[in-house]
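>>> Okay, sequence plus prediction incoming.
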Amino acid sequence: MQSTCFNLNARKCVQFGLVILVALGCSSCRSMNGSKSSAKAWRPIFDGASKDGWAMTGPGEFKLENGELVTSGGMGLFWYTKEKFGDAQIRVVFTLSSPNDNSGVFIRIPDAPPDPWFAVNRGFEVQIDNSGDTYHRMGCLYSLTKALNVVNAKVGEWNTMVITLDGTRTIVEVNGVKVTDYVDGEPVPPKEKDYEPNRGPRPDHGYIGLQNHDEHTRVRFKEVSVRPL
């Protein structure tokens, strides 16, 4: 009698264990499928093959060389005409040809820019420049935000900038290090130079562009991609 009861209890334990394992397996499958389906893919808006959808405003140009955009001449703005972006991430992969190269990524441009200064004064410039002070250097909103961390882009190597647009909040990371975390309306320094941007609010959604800064700079871009938050 005791042996029979023991065997029955053992079988019940085994069956219960199998039920638990199946439940955990299903839960794991649901978790894996959920994370896979919720992942949002990057969408290139520069594909390396053409400049389709992009337009130049101002002097200079962005040359297409070996699947890369290369600044030439200046000062001009190369902007994406097909749509505005907000509540999204922008990934820009770039390299410098020399330590003093200067460029930028423009965001939150409210309307089609008639000239490069429209983007300067009505949008934000995310600075690409190793040589400026903590308000005018790599990853800052040019002359508006102080670098949370000082990051120097590598010369002759690819660097990755990720810009997050979350409502009125702008976050900038360069090579995985956060440089800017700013909410529109927070205090900023007064404008001191005529080439610094006008102060004031920017839109939640806007066009984006790349800066062609001067005749000597050669900054190369191999990727510009976006994904929704």
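Sure, I can see it.
>>> What's opposite the closest residue to Asn149 other than its chain neighbours in the beta bridge?
With CB to CB, 6 or more residues apart in numbering as the criterion, Asn149 has its nearest non-adjacent residue at 5.1 Å, and that residue is Val177. Quick note: C-beta positions are derived from backbone N, CA and C, even for glycine. Residues found in beta-bridge contact with Val177 (criterion: DSSP bridges) are Val174.
>>> For Val177, grab the count of nearby residues.
A count of neighbours around Val177, defined by other CB atoms under 10 Å, yields 14.
>>> ditto for Thr81
Neighbour count for Thr81, taken as other CB under 10 Å: 11.
>>> Domains of the chain: list them as residue ranges, please.
Each structural domain of the chain that the record assigns through automatic domain parsing is listed here as a residue range: 1-39, 43-228.
>>> Deepest-packed of those, please.
The densest packing among the domains of the chain, expressed as mean neighbour count by mean count of other CB atoms under 10 Å, is seen in domain 43-228 with a mean of 18.
>>> Identify the residues contacting stretch 107-126?
Contacts of stretch 107-126 from elsewhere in the structure, counted by CB atoms under 8 Å, 6 or more residues apart in numbering, are 57-58, 75-77, 79, 81, 85-86, 90, 104-106, 139-142, 144, 161, 163, 165, 170, 172, 180, 195, 197-198, 202-209, 211.
>>> Distance of the residue nearest to Asn149 relative to Thr57?
Separation of Val177 from Thr57 (CB to CB, to the nearest Å): 31 Å.
>>> residues touching the nearest residue to Lys146 once chain neighbours are set aside, list them.
Once flanking residues are discounted, Lys146 sits nearest to Thr134: 5.0 Å by CB to CB, 6+ apart. When contacts are counted by CB under 8 Å, 6+ apart, Thr134 touches 140, 146-147, 150.
>>> again, 10 Å this time
With contacts defined as CB atoms under 10 Å, 6 or more residues apart in numbering, the neighbours of Thr134 are 140, 145-150, 179.
>>> Tyr135 too?
Counting by CB under 10 Å, 6+ apart, Tyr135 makes contact with 127, 141-147, 188-189, 192, 196.
>>> Repeat that for Gly73.
With contacts defined as CB under 10 Å, 6+ apart, Gly73 is in contact with 56, 58-63, 212-217.
>>> This protein: helices as residue ranges?
Secondary structure of the chain (DSSP state H): helices located at 2-38, 116-122.
>>> weakest of those helices in terms of mean pLDDT?
Taking each of these in turn, the one with the lowest mean pLDDT is helix 2-38, at a mean of 40.
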